[in-house]
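Chemist: Got a predicted structure here, sequence first:
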There are 2 protein chains.
Amino acid sequence: MKLTAVALLSTAVLLLGCTQPSGSDNTATPTAQFTLHPIGKVVKEQGRTLIVLDPKYQPGLLGVDKLTHITVLYWFDRNDTPEKRAILHVHPRGNKNNPLRGVFATHSPVRPNLIAVSRCKIISVKDNIIEIEQIDAFHNSPVLDLKS
Amino acid sequence: MKLTAVALLSTAVLLLGCTQPSGSDNTATPTAQFTLHPIGKVVKEQGRTLIVLDPKYQPGLLGVDKLTHITVLYWFDRNDTPEKRAILHVHPRGNKNNPLRGVFATHSPVRPNLIAVSRCKIISVKDNIIEIEQIDAFHNSPVLDLKS
């Protein structure tokens, strides 16, 4: 595993062409990669929209019942392919009449790191479940984080 | 590697206790994990604050020069340890006089998935570099995503 990690890191360094990353080199990018573990998922059932956390994360909800809104970070899991993550230009809102724009100037669900951010109105909090008014996510979308 | 992957998956399934994830089971959580690759980094130098993208992502900035503000997602890389990612209760703003609260009811930089979200005022855009007014991130913080 260690050898594999070293090999991967070496490859990344070669690919990025930054053998000496430094703060003052404006072309250098960190070569690290980071791992996300879903904390729960979006559940849409019987006209309700729920954020259902894995019970082990339930302590993290302490105080969420005092909030009116919550920021939900979720993963655009249907787009998690190397091809879609390489797309950098899109027609905003998927409408080909809209001129091409860079993904970083949009909220497009295709982008290199497939993180969605959505501000949601809280209806109720019970145990490991937050009922929200609505979210522009699919049923079963993996939830990554919640913020006040 | 395949065996390792199978072993990890099996462990994850056992840990989560969800052998049959389904939409109607409110205790089930996706067992997947997702990988993030930094698209750039925060550079703070000579009183300026820059988002410096890896040049390969520069096409994604098309149209960012038309925006006044941008949402920057970055990684709290200094807290990327299993111990810190397991913290679910914090004293808001690191002040022990503030009663403990769940991380999901705060903006704490310790949380299971270390994603920061910050809305920033754009000063200028040139090539692969966005100058912003300020950001509550460290020099060299890895940048994950940008959104309008």
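Modeler: Sure thing, it's come through. Residues are numbered from 1 along each chain as shown, chains lettered A, B, ... in the order given.
Chemist: give the contact list for residue A:33.
Modeler: A:12, B:35, B:36, B:37, B:38 (CB atoms under 8 Å, 6 or more residues apart in numbering or on different chains). Yep, even glycine has a C-beta here, placed from its N, CA and C like the rest.
Chemist: so where is chain A shaky, pLDDT-wise?
Modeler: Low-confidence segments of chain A (pLDDT under 70): A:1-31.
Chemist: just checking, what packs against the strand or helix carrying residue A:35?
Modeler: For residue A:35, the enclosing helix or strand under DSSP states H and E is strand A:34-36. When contacts are defined as 3 or more CB pairs under 8 Å, 6 or more residues apart in numbering or on different chains; DSSP states H and E, strand A:34-36 sits against strand B:34-36.
Chemist: In the sheet, which strands lie alongside the strand it packs on, parallel or antiparallel?
Modeler: If you go by DSSP bridges, strand B:34-36 pairs up with strand A:34-36 (antiparallel).
Chemist: Enumerate every residue touching the residue most central in space within chain A.
Modeler: In chain A, the residue lying closest to the centroid (CA atoms, centre = their mean) is residue A:115, at 2.0 Å. By CB under 8 Å, 6+ apart, the contact list for residue A:115 reads A:73, A:74, A:75, A:76, A:144, B:36, B:73, B:115, B:144, B:145.
Chemist: What is the burial count for the residue lying closest to it once chain neighbours are set aside?
Modeler: Among residues not flanking residue A:115 along the chain, residue B:145 sits closest, at 5.5 Å (CB to CB, 6 or more residues apart in numbering or on different chains). By other CB atoms under 10 Å in any protein chain shown, the residues close to residue B:145 number 24.
Chemist: Residue B:145 touches residue B:39, doesn't it?
Modeler: Yes - at 6.8 Å, residue B:145 and residue B:39 qualify as touching, with contact defined as CB atoms under 8 Å.
Chemist: Spit out the residues that contact the two alike.
Modeler: Shared contacts of residue B:145 and residue B:39, defined by CB under 8 Å, 6+ apart, are found at A:112, A:113.
Chemist: Let me see the contact set for residue A:86.
Modeler: Residue A:86 makes contacts with residue A:112, as judged by CB under 8 Å, 6+ apart.
Chemist: The residue nearest to residue A:115 pairs with what?
Modeler: The partner list for residue B:145 in beta bridges (DSSP bridges) reads residue B:73.
Chemist: Grab the longest strand from chain A for me.
Modeler: Longest strand of chain A, by residue count under DSSP state E: strand A:115-126.
Chemist: Tell me the strands beside that strand, with direction?
Modeler: With DSSP bridges as the test, strand A:115-126 is paired with strand A:69-75 (antiparallel), strand A:129-132 (antiparallel).
Chemist: Let me have those strands in a markdown table, adding mean neighbour count as columns.
Modeler: Shown next, in a markdown table, are the strands paired with strand A:115-126 (neighbours: other CB atoms under 10 Å in any protein chain shown):
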| stretch | mean neighbour count |
| --- | --- |
| strand A:69-75 | 20 |
| strand A:129-132 | 21 |
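Chemist: between these, which gets nearest to residue A:45?
Modeler: With CB to CB as the criterion, residue A:45 lies closest to strand A:129-132 of the strands paired with strand A:115-126, at 10.9 Å.
Chemist: Using the three-state scheme, assign the closest residue to residue A:87 other than its chain neighbours.
Modeler: Leaving aside its sequence neighbours, residue A:87 sits nearest to residue A:110 (CB to CB, 6+ apart; 4.6 Å). Following DSSP: H, G, I helix; E, B strand; the rest coil, we place residue A:110 in the coil state.
Chemist: Please state the backbone phi and psi of residue A:110?
Modeler: When read as degrees, to the nearest 10, the backbone of residue A:110 gives phi -110, psi 130.
Chemist: need the contact list for it.
Modeler: With CB under 8 Å, 6+ apart, residue A:110 has these contacts: A:76, A:79, A:84, A:85, A:87, A:90, A:103.
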